[in-house]
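1. make a model of this:
(chains A, B, C and D)
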Number of protein chains: 2
Amino acid sequence: MTESTLNQTFAALADPTRRAMLARLSRGEANVSELAQPFLHSMSLPAITKHVKVLERAGLITKSKDAQWRPCKLRGAGLRVAADWVEQYRMFWEESFDRLDAYLKETAGKKSTKDKADGLTK
Amino acid sequence: MTESTLNQTFAALADPTRRAMLARLSRGEANVSELAQPFLHSMSLPAITKHVKVLERAGLITKSKDAQWRPCKLRGAGLRVAADWVEQYRMFWEESFDRLDAYLKETAGKKSTKDKADGLTK
DNA sequence: CGCATAATAAACTCAGTGGTTAATTAACCA
DNA sequence: TGGTTAATTAACCACTGAGTTTATTATGCG
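-> Numbers count the residues shown, from 1 in each chain, chains lettered A, B, ... in the order given. From the prediction side, this is the model:
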């Protein structure tokens, strides 16, 4: 996983409009105007187009063609990028220090490529 | 979990310098100049101060006082905010549709408050 | 064809972010 | 007290991001 992918992924997730779009897409495919519908009272369609493009470039959704429509689909692999990164830190929110100790033992020897990606050491 | 917390959290994570700082802090406490050390060849100390402040405001680290030093510590609860949000989408990267089906059954009845936070429906 | 709908493109504004340098605060120590 | 180290503040600049309005492309349909 490359640094700039993480940059784009997290930046994409930092906007509430885009998170809402992902939430909408978690209930199934939707084309751009369907994604836009909840927001048209507060922003224009071109603004929506831009948000969609950000999500697409971050790999969080895919967009296809159906006549004049552009059905969008959630892309699990994109979200996994964020999940995998943050998962490295799980031990820091497993509250008890006993459990933290247990965690360290539990995960010993599970080190893999992703551990090197952002310089994190367990 | 409020929307603006998620905004700040993900925005903070979108910068590689800040992620590297978190990685450093995962190996233990460090004061600002220690956090700065790997970056002083490419940016100034005030720039570091700003990054630290972003992490602090996002709740990803805490900063305390020790004479003229400002030891910083990773704050698990902050990272958990991101983890919990993205975890809602786990089913979308569990590749097989059989497993997805299994996942839906497995997590039935586990619905809690956080499910409402960002409008996501399972 | 002519028109309506879906979506994008272009050009622009404005605010916020990430960086700079220079100055300042705060604490320790000889 | 005066000097050194740690860190922050202030003022500034360039760039990007999120939004706008207007214009354009592409498709389906009567």
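2. drop to CA atoms for contacts and neighbour counts, all remaining ones
-> Fine.
3. burial count for the nearest residue to residue A:71 once chain neighbours are set aside?
-> Among residues not flanking residue A:71 along the chain, residue A:31 sits closest, at 3.9 Å (Cα to Cα, 6 or more residues apart in numbering or on different chains). Residue A:31 has 18 neighbours, counted by other Cα atoms under 10 Å in any protein chain shown.
4. ok, residue A:31 - contacts?
-> A:69, A:70, A:71, A:72 (Cα atoms under 8 Å, 6 or more residues apart in numbering or on different chains).
5. ok, now residue A:82?
-> Per Cα under 8 Å, 6+ apart, neighbours of residue A:82: A:6, A:9, A:10, B:86.
6. excluding chain neighbours, what is closest to the third one?
-> So that's residue A:10. The nearest residue in space to residue A:10 (Cα to Cα, 6+ apart) is residue B:14, at 4.7 Å.
7. residue A:4 is in contact with that neighbour, correct?
-> No: using Cα atoms under 8 Å, residue B:14 makes no contact with residue A:4, being 9.0 Å away.
8. who's more crowded, those two?
-> Using other Cα under 10 Å as the criterion, residue B:14 and residue A:4 rank with residue B:14 on top: 23 against 13.
9. for the more buried one, give its distance to residue B:66.
-> Relative to residue B:66, residue B:14 is positioned 29 Å away (Cα to Cα, to the nearest Å).
10. residue A:65 now?
-> In terms of Cα to Cα, residue A:65 sits 59 Å off from residue B:66.
11. swap in residue A:90?
-> 28 Å.
12. the more surrounded of those two?
-> residue A:90 (17 against 9).
13. that one and DNA strand D, how far apart?
-> 26 Å (Cα to the nearest atom of the strand, to the nearest Å).
14. state the pLDDT value of that residue.
-> Here, the pLDDT recorded for residue A:90 equals 95.
15. list the contacts for it?
-> So residue A:90 contacts B:76, B:80 (Cα under 8 Å, 6+ apart).
16. ok, the residue lying closest to residue A:15 once chain neighbours are set aside - how many residues close by?
-> Excluding its sequence neighbours, the residue lying closest to residue A:15 (Cα to Cα, 6+ apart) is residue B:7, at 5.9 Å. Residue B:7 is flanked by 20 other residues according to other Cα under 10 Å.
17. work out for me the element residue B:7 sits within.
-> helix B:3-13 (DSSP states H and E).
18. can you name the residues of chain A that neighbour DNA strand D?
-> For chain A, the residues in contact with DNA strand D (Cα under 7 Å from any atom of the strand) are A:11-12, A:15, A:17, A:42-48, A:51, A:54, A:66-68.
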